[in-house]
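[1] Dropping the sequence and predicted coords here.
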Amino acid sequence: MLIRHGDTDWNVEEVFRGRVDVELNGVGIKQSELLAKHLADERIVAIYSSPLKRASKTAEIIAAPHCIDVITAPELIDFDYGEWQGLSHDKVKEKFKALYAEWLKNPQLVKMPKGESLDDVRERVFSLVEKVVAQYEGAVALVSHRVIHKVIICALLGLDNSNIWNIRLDTCGITTFIYEKGGFILSGHNDTSFLKPLGKAEPGDF
């Protein structure tokens, strides 16, 4: 299963995060606790996490009911937005107008200034997915970030990276695949139903 980390202040404020090590905010902690409760009865045999705090803290909270250690996976680190990191959505649209337009229209063609491309992401994360599939039987959770999971979802569905904007993935959203007969079957996507007790608007896809 693919799990996006909980809320941070930069998610709420629509600031590009990338490799900046932003921590979960109060809502993100509560989201993660509800997520852990939701998954408590699942037979999770391993949990892998991005090394960034917003993902690793989410993973630690999920892991607690299962009494297993979180495995830090550098392959799951967030997309390197390069010069966009730490800038607001509005600032990026203003300062990088042409590149931002291309990012929305043809994301698969964009190489971030002083950052990476979606092909770079696919290369590093898919090797981890293959290793996990070969190593475990039972449910494995990969706790990571919006762009990373969108790239993985595209790869597992046989789609190219141009399709990432056709996928919505909210904070703490769960996407589940079944590995069967050498292939991946999507069995659930962007489940955030367990967050209803928070009594607030749905988490966002930014």
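    Received, thanks.
[2] Quick check on Glu75: phi, psi?
    The phi/psi pair for Glu75 (degrees, to the nearest 10) reads phi -60, psi -20.
[3] Please identify which helix or strand holds the residue nearest to it when sequence neighbours are not counted.
    Excluding the flanking residues, the one nearest Glu75 by CB to CB, 6 or more residues apart in numbering is Leu128, at 4.2 Å. For the C-beta atoms, the positions are set from N, CA and C on the backbone; glycine is no exception. Assigned by DSSP states H and E, Leu128 belongs to helix 118-135.
[4] by contact count, what packs against that helix?
    strand 44-49, strand 139-144, helix 146-156 (3 or more CB pairs under 8 Å, 6 or more residues apart in numbering; DSSP states H and E).
[5] So what touches it?
    Here helix 118-135 makes contact (CB atoms under 8 Å, 6 or more residues apart in numbering) with 46, 48, 73, 75-76, 79-80, 107-108, 110, 140, 142, 144, 147-148, 151-152, 154-156, 161, 164, 179.
[6] from what I can see Asp9 touches Gly26, true?
    No - if you go by CB atoms under 8 Å, Asp9 and Gly26 don't touch, sitting 9.6 Å apart.
[7] Strands along this protein, start to end?
    Applying DSSP state E to the chain gives strands spanning 2-4, 44-49, 70-72, 139-144, 174-180, 183-191.
[8] Could you find the closest non-adjacent residue to the residue most central in space within the chain?
    In the chain, the residue lying closest to the centroid (CA atoms, centre = their mean) is His145, at 2.5 Å. Excluding the flanking residues, the one nearest His145 by CB to CB, 6+ apart is Asp78, at 4.1 Å.
[9] Now mean pLDDT and mean neighbour count too, for the strands of the chain, in CSV please.
    Shown next, in CSV, are the strands of the chain (pLDDT from 0 to 100; neighbours: other CB atoms under 10 Å):
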stretch, mean pLDDT, mean neighbour count
strand 2-4, 98, 26
strand 44-49, 98, 20
strand 70-72, 98, 17
strand 139-144, 97, 25
strand 174-180, 95, 16
strand 183-191, 96, 14
